[in-house]
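*Asks:* build me a model from this:
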Amino acid sequence: MHLFCKLFHHEFVIKKDITHYVKEYECIHCRKQFTTSDTGNLTPLTSKRREINSELKSLHKKRSQKTSYS
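*Replies:* Numbers count the residues shown, from 1 in each chain. Model prediction:
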């Protein structure tokens, strides 16, 4: 972990919007990536979470297209 992050905690930027509530973040100092968990907390972005986010984004996109036509 980057020294700055150890002393002052991570400083995040949003890398991807998955849904209105789920996002992927990256620390600008150490480049560690996180995502929003199902409980709303930040959790490390693992390959499994990345796959879940990808499917969630696809479902969200389909649902929003369906409701915009109604």
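*Asks:* please name the residues that touch His10.
*Replies:* Shown in contact with His10 (C-beta atoms under 8 Å, 6 or more residues apart in numbering): Cys27, His29, Cys30, Lys32, Phe34. In short, each C-beta sits where N, CA and C put it, glycine included.
*Asks:* buried ones only from these, please, as a PyMOL command.
*Replies:* Entered in PyMOL, the line below selects the buried ones among these, by 16 or more other C-beta atoms under 10 Å:
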select buried, resi 27+29+34
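*Asks:* and of the contacts of His10, the nearest to His2?
*Replies:* Cys30 (3.6 Å; C-beta to C-beta).
*Asks:* just the CA trace of stretch 54-70, in PDB.
*Replies:* The C-alpha coordinates for stretch 54-70 follow below in PDB (Å, rounded to 0.1, in the frame of the first residue of the first chain):
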ATOM      1  CA  SER A  54     -20.500  -6.600 -15.600                       C
ATOM      2  CA  GLU A  55     -23.600  -8.700 -15.400                       C
ATOM      3  CA  LEU A  56     -25.300  -6.200 -13.200                       C
ATOM      4  CA  LYS A  57     -24.600  -3.400 -15.700                       C
ATOM      5  CA  SER A  58     -26.000  -5.500 -18.500                       C
ATOM      6  CA  LEU A  59     -29.200  -6.200 -16.600                       C
ATOM      7  CA  HIS A  60     -29.500  -2.500 -15.600                       C
ATOM      8  CA  LYS A  61     -29.100  -1.400 -19.100                       C
ATOM      9  CA  LYS A  62     -31.700  -3.800 -20.400                       C
ATOM     10  CA  ARG A  63     -34.200  -2.800 -17.700                       C
ATOM     11  CA  SER A  64     -33.700   0.900 -18.300                       C
ATOM     12  CA  GLN A  65     -34.200   0.500 -22.100                       C
ATOM     13  CA  LYS A  66     -37.400  -1.500 -21.400                       C
ATOM     14  CA  THR A  67     -38.800   1.100 -19.100                       C
ATOM     15  CA  SER A  68     -37.900   4.000 -21.500                       C
ATOM     16  CA  TYR A  69     -40.100   2.400 -24.200                       C
ATOM     17  CA  SER A  70     -43.100   2.000 -21.900                       C
END
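*Asks:* good, wrapping up.
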